[in-house]
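Visitor: test case, fold it:
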Amino acid sequence: MVKLLPRLSGPPADLLLEEFIRGGAKTWSGFDADDLPDAARFAATGGSRVSAAELAEFRSGLVAMAQQHGFGADGGGRSSHAGFDASASAWLADHPLLGSGEALRDDVWAFVGVVVAPDIVHWRFGTSSERYHGGIRNTFQRLWMRGQALDRGVGSADRWHLVDQLTEDALVQITERPSIGGDAILASALAEAWVRGSKVHGRGAMEAVMRRAALRTRIWNELRTLSSLPRSELAAIMDEAMEISEAAEALPEATAAQAELPRPYETSAADLLSRVELIEAEAAGYGLLSPKSRSALNSLRSGFQLSESDRNALKHLIDRLRQFHAAQTSTNPISEARAAPKAESAEPVAKKRWSLWKKR
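Guide: The predicted structure follows:
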């Protein structure tokens, strides 16, 4: 049976939060599961309302974990905060009250942050309002999202290893990007690659590596749903995104073609961003560059999320480049583009193909 959880909308949450911050955490009267704020609401249908005893037990569990990491004592330090985040991620992700669609609602997490445990939020983040309100920055919602995305499964010998190992920055790169964090397969694959990458690059160097890897992953995922690939192929691609040279060298060329990544003509995925200019120059030289494909390449270069139109234009451009190259030469066109971005004979071809494109 689905348990319906209390919800707290924006304006009432603002008022209650203002009252809490004005009085301070030490003067807060505490959470009373039998006397919820008048503004708290429940869904009209879809399950049974959570009981006061269940809410009280939920609050007790959060407090117990926070106390293990310094809450209520010396206030805790950065290491204790990180310890709380890791423990709470696992606990929240596996909690029976949060196993339904109720946990997907921001107003449910606003209730938790503002009504159930604002004292824990204050201990963890102070008076920053976004940590109380619902959303990806909510103190507890962000931890639940991490646990959901990085859970290795009940049968795993080290179920919460990824939650424990990744740094705060790495976790943010995954969970605060919906195209990655919203796909548990892709999020876990990138996190597993981070663990492997930290052994190659060192944990101290992983912040910059992870940010580049997240950008590459978002770009590649626009052209092909990476989570649909076999596990071994996905792991190899994530290793390449993470700049693990050993894994990149071992990746078969056929894998790249099968994955249909935006790296035609054997272009290294690690050098994707630097290759966009070469592809654009070659396409212009052959007269294949339309306004739509140019716009798609600009979006790809900038790291913007590609629209459906962009993806179609880019796929069409790459297919045409492959076909044109197969018909014209057996050499690598990227090498040709690097040596001579625009051949002398390309101009009449360009005019002809551009006139054909305009007639469509």
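Visitor: chain center to stretch 88-100: distance?
Guide: Relative to the centre of its chain, stretch 88-100 is centred 20 Å away, using Cα atoms, centre = their mean, to the nearest Å.
Visitor: what does the pLDDT read for residue 78?
Guide: pLDDT recorded at residue 78 is 60.
Visitor: ditto for residue 90
Guide: For residue 90, pLDDT reads 96.
Visitor: how close does it get to residue 2?
Guide: 22 Å (Cβ to Cβ, to the nearest Å). Every C-beta, even on glycine, is put in place using the N, C-alpha and C of the backbone.
Visitor: the more surrounded of the two?
Guide: Legend: neighbour count by other Cβ atoms under 10 Å for residue 90 and residue 2, higher for residue 90 (19 against 14).
Visitor: with adjacent residues omitted, what lies nearest to that one?
Guide: Nearest non-adjacent residue to residue 90, counting by Cβ to Cβ, 6 or more residues apart in numbering: residue 160, 4.4 Å away.
Visitor: roughly how far does the one you found sit from residue 202?
Guide: Distance of residue 160 to residue 202, given as Cβ to Cβ: 23 Å.
Visitor: try residue 1
Guide: For residue 1, the distance to residue 202 - Cβ to Cβ - is 49 Å.
Visitor: more neighbours: which of those two?
Guide: Neighbour count, other Cβ under 10 Å: between residue 1 and residue 202, residue 202 has more, with 10 against 6.
Visitor: quick one: low-confidence ranges for the stretch 101-250 of the chain?
Guide: Applying pLDDT under 70 to the stretch 101-250 of the chain flags the ranges 245-250.
Visitor: okay, helices next: where are they in it?
Guide: For the stretch 101-250 of the chain, the helices defined by DSSP state H, counting those that start in this stretch occupy 106-111, 118-125, 141-150, 161-165, 168-175, 178-181, 184-201, 206-223, 231-241, 245-250.
Visitor: okay, the ones you listed in a markdown table with distance to residue 18 and mean neighbour count next?
Guide: Shown next, in a markdown table, are those (distance: least, Cβ to Cβ, whole Å; neighbours: other Cβ atoms under 10 Å):
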| stretch | distance to residue 18 | mean neighbour count |
| --- | --- | --- |
| helix 106-111 | 14 | 24 |
| helix 118-125 | 11 | 22 |
| helix 141-150 | 20 | 25 |
| helix 161-165 | 33 | 19 |
| helix 168-175 | 27 | 21 |
| helix 178-181 | 30 | 18 |
| helix 184-201 | 35 | 21 |
| helix 206-223 | 35 | 20 |
| helix 231-241 | 44 | 21 |
| helix 245-250 | 51 | 13 |
